[in-house]
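S.K.: Any chance you could fold what I've pasted below:
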Amino acid sequence: MEEKILTLHPQGKKGVNILRRRYDLIKDYILTTIKKKGTISYEELDDLAVRDLKDKFDGKVSWYVVTVKLDLEARNIIERVPKTSPHELKLSAGDQVTG
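M.R.: Numbering: from 1, shown residues only. Presented below is the predicted three-dimensional model:
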């Protein structure tokens, strides 16, 4: 049986169990894209992920992007840029994650 991870939610809501391999792929994509761009709107991130991953990902890319994005926010790895609409994302100031 494949390993799963229970995601977190920044507002303390109940997370969901997803396959670790899917989580890791989406997490790596989100972090690589944010590092490359500095800041990025959620909409652009989602559009890029769907474009780049749809043919090699065995799930609904947009659903996984929002789920993993919320988990990364809850873990203080990424954060929303204050007062941006639509909201933009950046690496958290205290982010020590590599990869």
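S.K.: does the residue sitting nearest the centre point of the chain sit in a helix, a strand or a coil?
M.R.: Nearest residue to the geometric centre of the chain (CA atoms, centre = their mean): residue 69, 2.9 Å. Three-state assignment for residue 69 (DSSP: H, G, I helix; E, B strand; the rest coil): helix.
S.K.: Now for residue 33: which residues touch it?
M.R.: By CB atoms under 8 Å, 6 or more residues apart in numbering, the contact list for residue 33 reads 40, 45, 48-49. The way it works is simple: take the backbone N, C-alpha and C, and place the C-beta from them, glycine included.
S.K.: should've said residue 66
M.R.: Residue 66 is in contact with residue 46, counting by CB under 8 Å, 6+ apart.
S.K.: gap between it and residue 26?
M.R.: 10 Å (CB to CB, to the nearest Å).
S.K.: If you drop the residues flanking it in sequence, what lies closest to residue 59?
M.R.: Excluding the flanking residues, the one nearest residue 59 by CB to CB, 6 or more residues apart in numbering is residue 22, at 5.7 Å.
S.K.: these two touch, right, that neighbour and residue 60?
M.R.: No: taking contacts as CB atoms under 8 Å, residue 22 lies outside contact range of residue 60: 10.3 Å.
S.K.: So for the two, which residue has more residues nearby?
M.R.: More neighbours surround residue 22 than the other of residue 22 and residue 60, with 19 against 11 (other CB atoms under 10 Å).
S.K.: Going by secondary structure, that one is in what exactly?
M.R.: Element membership of residue 22, judged by DSSP states H and E, is helix 20-37.
S.K.: what's the answer for residue 44, then?
M.R.: Going by DSSP H and E, residue 44 is in helix 42-53.
S.K.: and that helix, which residues are buried?
M.R.: Within helix 42-53, the residues that qualify as buried are 42, 45-46, 48-49, 53, counting by 16 or more other CB atoms under 10 Å.
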